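>>> Starting from these lines, generate the structure:
(one chain, ligands or ions: 1)
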Amino acid sequence: MACPSSHFSPSLHPQHANMKNLISTLLLLFMPLVAAADNGLRCAKSVFTQPDVRFMQKIKSIHADAVIGVKGLPSGLQWNARRNLVEGKVKAPGTYTYTVTSSINGQVSEEQIKLTVSDKLPMPLPFMGWLSWNSVEGDVSEAIVKRVADMFRANGLYQAGWNTVMMDDLWQARKRADDGKPLPDPKRFPNSLRSVADYVHAKGMKFGLYTDAADKTCAGAFGSYNYERIDAQQYAQWNVDIVKCDYCNAPPEQDTAIVRYRRLGYAFKAVARPITLYICEWGDRRPWLWGAESGGSCWRVSADVRDRWTCEPGGTGVVESIKAMKNIAQYAGVNRFNDADMLCTGLHGKGKSSNDLCFGTPGMTQDEYATQFALWCMWSSPMALSFDPRANTVTKEDLKILTNRHLIALNQDRMGQQADFISDADSLVMFAKDLENGDVALSVTNMSGKPLEATFHFTQIPALDANKRYQCRDLWTGEKLSAVKHSFTTKVRPHATRVFRLSL
Ligand code: GLA
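Now for the predicted structure:
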């Protein structure tokens, strides 16, 4: 793997006892030699788009003096040398390749990129859904899943775009059936999972469940390791659309994770029904480098989010999510989304696992919940709510945040670009997101505890032309503001985020 480089820490594990494993361990030991030939390029190697939909791929190098170029672009795509990106539209579905070149002091290295153009991609847009873990944990049941689907319809979330209901860990029975097939807990799921999936589908939503690439899941239920094909077949028979695959109880090396997820990805591809693979190894093995090649359409980039602004040490609040996402934007795109984990909007400190690890009172302010949502939209991160439908914690204010159509349009933009990090000077974190119609979304988050003024300088934002005048819309209010040129200044409340859409 040359673009980008991979790092391994090969070690002899007890399970490497037999000859086959010894050989793969030896191979592993030699891999770092290959990885050492790092050409400095930092880009995705498998990229995706829909036919005739504007596509964009950003190419980065760790060498400031590298001259990046591209060869063999399919018809409809162009190289933007000012911004080091490929852009354009490809009309015909198919698989295309092109070559990225990097030249440093006359020394040229190359990287092959595979572009899949298809109207049948597993995840053309990041999912917007619900996951049971943060508040429901081991209570997940047929009744709860159905209630969430009903709630999505009743409170306008479905109409705003929220479209996927997923069971997290502990939906499983204590053990598999005698023939090895997976089984749901018989008390909490008195009817077949197929009927639960059918219920969710009848409401117009997708249905998902959870497993793990090891013998056991994080909470101790059975995992899918060595049962990949049986599980894929059963999930297909249940009409499952998406599967979150965790990585607890699995060996730590990146290579092993690649193999284990690939086994799941292949098993899912082999069944009659399309099943989307959602990788969850918390970003520890940099899945943005290999997740798409393993058949994944999105992957977690951090440890579990907590219902907190910050959660050091050990946890992930909004502050830590920003750290995890800010330098990996070029790896995200259509059908290969970086996932910043569940949203805590609607929990108000009443969740279960979303409360542990951090000291102090759980829960966030409304501005902090809004910031979390705004950033997930800027990043085109998959979004999963995680409220308990029995607890009535989702307020009108929460729904106002979660159904904001201007922000959802950013998350669901068909070009699938994750916003680029612009700066974090003076406690103001800024991002800029390229949109399919050529518009640019700008966000600024006030990381401090006092109100601040923020100025966007167009010369610092590559997506903007500093000489042009842009129409500007405030995306929280939907209000059209005066046109802007060169720069503009806005006020931001503590821990709040302002978001603007600029159009020519
Ligand atoms: C891990 C995952 C969580 C959740 C739990 C379930 O911690 O990161 O999102 O799925 O396991 O046990």
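>>> middle-most residue in the protein, spatially?
Geometric centre of the chain, nearest residue: residue 339, 2.2 Å, by C-alpha atoms, centre = their mean.
>>> who in the stretch 51-200 of the chain is up against the ligand?
Residues of the stretch 51-200 of the chain lying close to the ligand (C-beta under 6 Å from any ligand atom) are 133, 168-169. Yep, even glycine has a C-beta here, placed from its N, CA and C like the rest.
>>> again with the chain
133, 168-169, 217-219, 246, 280, 282, 304.
>>> Try it again at 5 Å.
For the chain, the contact set with the ligand under C-beta under 5 Å from any ligand atom comprises 133, 168-169, 218-219, 304.
>>> Which ones among the residues you listed map onto helices?
Of the positions in those, residue 133 sit in helices, assigned by DSSP state H.
>>> I'd guessed the residue nearest to the centre of the chain sits against residue 376; true?
No - counting by C-beta atoms under 8 Å, residue 376 is not a contact partner of residue 339; they are 9.3 Å apart.
>>> With just CA atoms, put stretch 68-79 into CSV.
Extracted in CSV, the C-alpha atoms of stretch 68-79 (Å, rounded to 0.1, in the frame of the first residue of the first chain):
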residue,chain,number,x,y,z
ILE,A,68,1.0,16.8,-8.1
GLY,A,69,-0.6,16.0,-11.4
VAL,A,70,-2.8,13.4,-13.0
LYS,A,71,-2.8,11.2,-16.1
GLY,A,72,-5.5,9.3,-18.0
LEU,A,73,-8.6,10.9,-16.6
PRO,A,74,-11.8,9.5,-18.1
SER,A,75,-13.8,11.8,-20.3
GLY,A,76,-15.8,14.4,-18.3
LEU,A,77,-13.1,14.8,-15.5
GLN,A,78,-10.6,17.6,-15.3
TRP,A,79,-7.5,18.3,-13.1
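>>> Which positions within it qualify as buried?
68-70, 73-74, 76-77, 79 (16 or more other C-beta atoms under 10 Å).
>>> next one: stretch 217-226
Neighbour-count burial for stretch 217-226 [16+ other C-beta under 10 Å]: 217-219, 221-225.
>>> now, which of the residues you listed sits nearest residue 180?
Distance ranking of these against residue 180, using C-beta to C-beta, places residue 222 first at 9.9 Å.
>>> Tell me, how many residues neighbour residue 459?
Counted with other C-beta atoms under 10 Å, the neighbours of residue 459 add up to 10.
>>> one step back: now the buried residues of stretch 68-79 as JSON lines including secondary structure?
Listed next are these as JSON lines, based on DSSP: H, G, I helix; E, B strand; the rest coil:
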{"residue": "68", "secondary structure": "strand"}
{"residue": "69", "secondary structure": "strand"}
{"residue": "70", "secondary structure": "strand"}
{"residue": "73", "secondary structure": "coil"}
{"residue": "74", "secondary structure": "coil"}
{"residue": "76", "secondary structure": "coil"}
{"residue": "77", "secondary structure": "strand"}
{"residue": "79", "secondary structure": "strand"}
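>>> which two from those end up farthest apart in space?
68 and 76 (20.3 Å).
>>> List the strands paired with the one helix or strand residue 499 maps to, with their directions.
Using DSSP states H and E, residue 499 sits in strand 497-503. The strands beside strand 497-503 in its sheet (DSSP bridges) come out as strand 440-446 (antiparallel), strand 470-474 (antiparallel).
>>> Just the buried positions in the shortest one, please.
It refers to strand 470-474. The neighbour-count check on strand 470-474 (16+ other C-beta under 10 Å) flags 470, 472-473 as buried.
>>> So what sits opposite residue 432 in the bridge?
residue 420, residue 442.
>>> again with residue 69
Residue 69 has these beta-bridge partners by DSSP bridges: residue 101.
>>> so what's it up against?
Contact analysis of residue 69 by C-beta atoms under 8 Å, 6 or more residues apart in numbering lists 79, 81, 100-101, 103.
>>> Out of these, flag the one nearest to the ligand.
Nearest to the ligand among the contacts of residue 69 is residue 100, at 33.1 Å by C-beta to the nearest ligand atom.
>>> What mean pLDDT does the helix or strand residue 96 falls within get?
In this assignment (DSSP H and E), residue 96 forms part of strand 94-104. Averaged across strand 94-104, pLDDT comes to 97.
>>> what number of residues lie near residue 313?
Other residues close to residue 313 by other C-beta under 10 Å number 7.
>>> Now do it, the pLDDT please.
pLDDT recorded at residue 313 is 78.
>>> next one: residue 365
pLDDT recorded at residue 365 is 98.
>>> before we move on, back to that, pLDDT for the buried residues of strand 470-474 - can I get that in JSON lines?
As requested, these are exported to JSON lines (pLDDT from 0 to 100):
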{"residue": "470", "pLDDT": "98"}
{"residue": "472", "pLDDT": "98"}
{"residue": "473", "pLDDT": "98"}
